[in-house]
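# generate coordinates for the sequence data below:
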Amino acid sequence: MLSAAILNIVGRVWEGFSDFYVRHIFPLWVETYGRVTGIFPFSVGEWMLYLAVLLVILLVAGGIVYGVLRVVKIYGRKRCLLERRLSEPDSLGLPLLGERFERLYRGYAFFCYWVTGIFSLVMVLNCFLLYQVSPFPERYGLGGALDKEYGAEEIGTLRDYVVEKANALFPLFERDEKGYILCDERLVRDMKEMARGQMSLLGEEYKELSGYYPRPKGLAVSGFYSQQYIMGYYFPFSMEANYNRQMYVTNMPVTMCHELSHLKGFLLEDEANFIGYLACVDAPEELFQYSAYLSVIGYLDRDFWKAIGRDEEEYLSHPQIDPRVWEDKQFLTQEAWEQVEDKAVISTETVKKAADAFLDTNLTLNGVADGTVSYSRVVKLLLQYYDGVLY
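A predicted model of the protein is given here:
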């Protein structure tokens, strides 16, 4: 744990250390360990997480029993002293079973100590250091200058472009009687392979995105993640990109690419959103393009509304988002939500509050001052990217 703490401090105070690490060392974990975990059809990281919970429960429960036994042992010794029977070994301690449990628990606690140390080191190497790298625009440069400010005109132009693209794509998909885009296992398998392919293509333009990509994996207990409104998860201790199997199909392509970008060291959520957008928007598959536009349309629409001072007349003079497009932007369908709630052990409201607090705290502690609000900073990256193209 000491080495993990030292590395984390070095990453924060030594400018350029994290950039060097991400460029030259971090890719090794995906190319080696990531290939091994990628062999398994299920999410290794997800089950490692559940195993960790079990280990903690056993540690706490065992600790309680251990504490009780120690109290009983101390009480027994005091009683023996009072009775002046110190020469009788059988009366001085616990039965043999209790002694064995104490030795076993001490060994287990020592094991958990080392597991925690290894876990801490892995989290620093595959997670915390990645928060300290230089921003994407500084590493690669985009259309606009880094310090350039954008106003309502540029935001409006970009927002209108995305709205028109999304509206045009809406009618192109085969749907069921409820209006949902049809999705089956074959389509999901195809999406996984296309996500890997699109990320590899993006790596030809942005070097750090090149290299091996494992197949994205669906989360086994997706219902619990749905309660947290989580679309995907990057497990740093297994080097896997995971997605929520229950979410609506329009979220899947961009989420897969978003999570795969984390495997290349882009841990900031706005950058991962941006990379996911870039990977999907130029894909030959129209569902990928639609997923890209839907992933940013809400951020752009909100920022445009703020930029024009909430002027309704000005807002209505621009292309409007088709209400059916808004429906396609949903996280889960109504039927999926009903399944989640039917199987929920803890209320969604409680789980969501706890998850938000944890995520916001984690981002803040890693230098992302605005916490979960940082997801929306993708708008600035998009404005820079389209500078010189749309305006």
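
# residues touching the closest residue to residue 195 other than its chain neighbours, list them.
Distance criterion C-beta to C-beta, 6 or more residues apart in numbering; nearest residue to residue 195, sequence neighbours excluded, is residue 256 at 3.8 Å. Quick note: C-beta positions are derived from backbone N, CA and C, even for glycine. Residues near residue 256 by C-beta atoms under 8 Å, 6 or more residues apart in numbering: 191, 192, 195, 216, 232, 241, 243.

# same thing but at 10 Å, please
Contacts for residue 256 (C-beta atoms under 10 Å, 6 or more residues apart in numbering) come out as 188, 191-192, 194-196, 198-199, 213, 215-217, 231-232, 241-243, 276, 279-280, 288, 291.

# in helices only, show me the residues you listed.
188, 191-192, 194-196, 198-199, 276, 279-280, 288, 291 (DSSP state H).

# what's the closest of these to residue 27?
residue 199 (13.5 Å; C-beta to C-beta).

# quick one: pLDDT of that closest one?
pLDDT recorded at residue 199 is 98.

# surely it meets residue 288?
No. Contact status for residue 199 versus residue 288: not in contact, 11.5 Å apart, counting by C-beta atoms under 10 Å.

# any shared contact partners between those two?
By C-beta under 10 Å, 6+ apart, residue 199 and residue 288 have these common neighbours: 256, 257, 279, 280.

# the first one and residue 189: what is the separation?
Note on residue 256: its distance to residue 189, by C-beta to C-beta, to the nearest Å, is 12 Å.

# residues in contact with the residue lying closest to residue 259 once chain neighbours are set aside?
Of all residues not flanking residue 259 in the chain, residue 241 sits nearest, at 3.6 Å (C-beta to C-beta, 6+ apart). By C-beta under 10 Å, 6+ apart, the contact set of residue 241 is 34, 38, 43, 45, 192, 195-196, 199, 213-217, 232-235, 255-263.

# 7 Å instead, please
By C-beta atoms under 7 Å, 6 or more residues apart in numbering, the residues touching residue 241 are 214, 216, 232, 234, 256, 259, 260, 262, 263.

# so which two of the residues you listed are the farthest from each other?
For the contacts of residue 241, the maximum inter-member distance is 13.6 Å, found between 214 and 232 (C-beta to C-beta).

# and the two? Which one has more around it.
residue 232 (25 against 21; other C-beta atoms under 10 Å).

# is the more buried one bridged to anything, and to what?
residue 243 (DSSP bridges).

# who's in contact with it?
Contacts of residue 232 (C-beta under 7 Å, 6+ apart): 241, 242, 243, 244, 255, 258, 259.

# now do residue 386 against residue 157, distance only.
Residue 386 is 8 Å from residue 157, by C-beta to C-beta.

# looking at the two, which one has more neighbours?
residue 386 (19 against 16).

# sticking with the residue nearest to that one when sequence neighbours are not counted, tell me its helix or strand.
Distances taken as C-beta to C-beta, 6+ apart put residue 158 closest to residue 386, at 5.7 Å, once the chain neighbours are dropped. Element membership for residue 158 (DSSP states H and E) is helix 152-169.
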